[in-house]
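1. quick one, structure for this:
(one chain, ligands or ions: 1)
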Amino acid sequence: MAAKFHMRTPDCFFCHKPGWLDVPLEAYYAFRGGQPVQVAFSNMSTDEREQILSGTHVGECSKKWDELFLDMTEYWEDDEYEETDGSI
Ligand SMILES: [Zn+2]
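-> From the prediction side, this is the model:
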């Protein structure tokens, strides 16, 4: 049974509140010792690593990233298929 550390993550980009994650103590020490987040927390999900790096909360706030990305994709597609008659 590995010891856990209740780690504070940066203020969230979306809701501006700090977050907390339970991480393995060894991983926390590795991260503080300079290991990249994807190495130190290799057993954790992408969303959890995202929260450690940017503070974006796993769940509601990380979904907003997806929505934001989808919105932008739609925008680009609309732009691409926009028809012009060639006149200015
Ligand atoms: Zn949040």
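
2. please identify the buried residues of stretch 21-34?
-> Using 16 or more other CB atoms under 10 Å as the burial criterion, the residues of stretch 21-34 that qualify are 21, 23-24, 27-28, 30-31. From N, CA and C alone the C-beta is placed, and that goes for glycine too.

3. of all the residues you listed, which two lie farthest apart?
-> Across these, the longest distance by CB to CB is 14.9 Å; it joins L21 and A30.

4. rewinding a little: quick one: the buried residues of stretch 21-34 as TSV, columns for distance to R8 too.
-> Below are those laid out as TSV (distance: CB to CB, whole Å):
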residue	distance to R8
L21	8
V23	11
P24	16
A27	15
Y28	11
A30	17
F31	13
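
5. any part of stretch 48-60 near the ion?
-> Yes: between stretch 48-60 and the ion, judged by CB under 5 Å from the ion, the touching residues are H57.

6. so how far does that stretch reach from one end to the other?
-> Start-to-end span of stretch 48-60 (CA to CA, to the nearest Å) is 13 Å.

7. in it, what counts as buried?
-> Going by 16+ other CB under 10 Å, stretch 48-60 has these buried residues: 48-52, 54-58.

8. circling back: from the buried residues of stretch 21-34, which land in helices?
-> With helices taken from DSSP state H, the overlap with the buried residues of stretch 21-34 comprises 27-28, 30-31.
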